[in-house]
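Student: next input, structure requested:
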Amino acid sequence: MRMALAIKHCLDNLAADARQFRMTELAHFIGLAAMVAEDSARQLAAKSQDLDPLLDGKPAGHC
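Tutor: Residues are numbered from 1 along each chain as shown. Predicted coordinates for the structure are as follows:
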């Protein structure tokens, strides 16, 4: 679960960079990948009956 959140964090940063450099299509596709990573983290948390991984405040890693 933490790995999925770390991947989401990296993808969010990449999408922001792509938007900054006006690569709108790339930013869109990276944003979709970030949504998939977030969904994966939520599904994994539900299976393990943990708290919502995006609300627990624990660091998930960095790029």
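
Student: from here on, contacts and neighbour counts on C-alpha atoms
Tutor: Noted.

Student: buried residues in the longest helix belonging to the chain, which are they?
Tutor: When secondary structure is assigned using DSSP state H, the longest helix within the chain turns out to be helix 24-48. Buried residues in helix 24-48, defined by neighbour count with 16 or more other Cα atoms under 10 Å: A27, I30, G31, A33, A34, A37, E38, S40, A41, R42, L44, A45.

Student: the residue nearest to the first one when sequence neighbours are not counted and M35, how far apart?
Tutor: To tie it back to what came earlier, the one meant is A27. Taking Cα to Cα, 6 or more residues apart in numbering as the measure, A27 lies nearest to A15, with 4.5 Å between them; neighbours along the chain are not counted. As for A15, its distance to M35 is 11 Å (criterion: Cα to Cα, to the nearest Å).

Student: same check, this time on R22
Tutor: Between R22 and M35 the computed distance is 20 Å (Cα to Cα).

Student: equivalent analysis for A41, please.
Tutor: Counting by Cα to Cα, the gap from A41 to M35 is 10 Å.

Student: kindly report the same for R19.
Tutor: To M35, R19 is 16 Å away according to Cα to Cα.

Student: so the residue most central in space within the chain, which state does it fall into?
Tutor: When the chain is reduced to its mean C-alpha position, the nearest residue by Cα atoms, centre = their mean turns out to be K8, at 1.8 Å. When the structure is split into helix, strand and coil by DSSP: H, G, I helix; E, B strand; the rest coil, K8 lands in helix.
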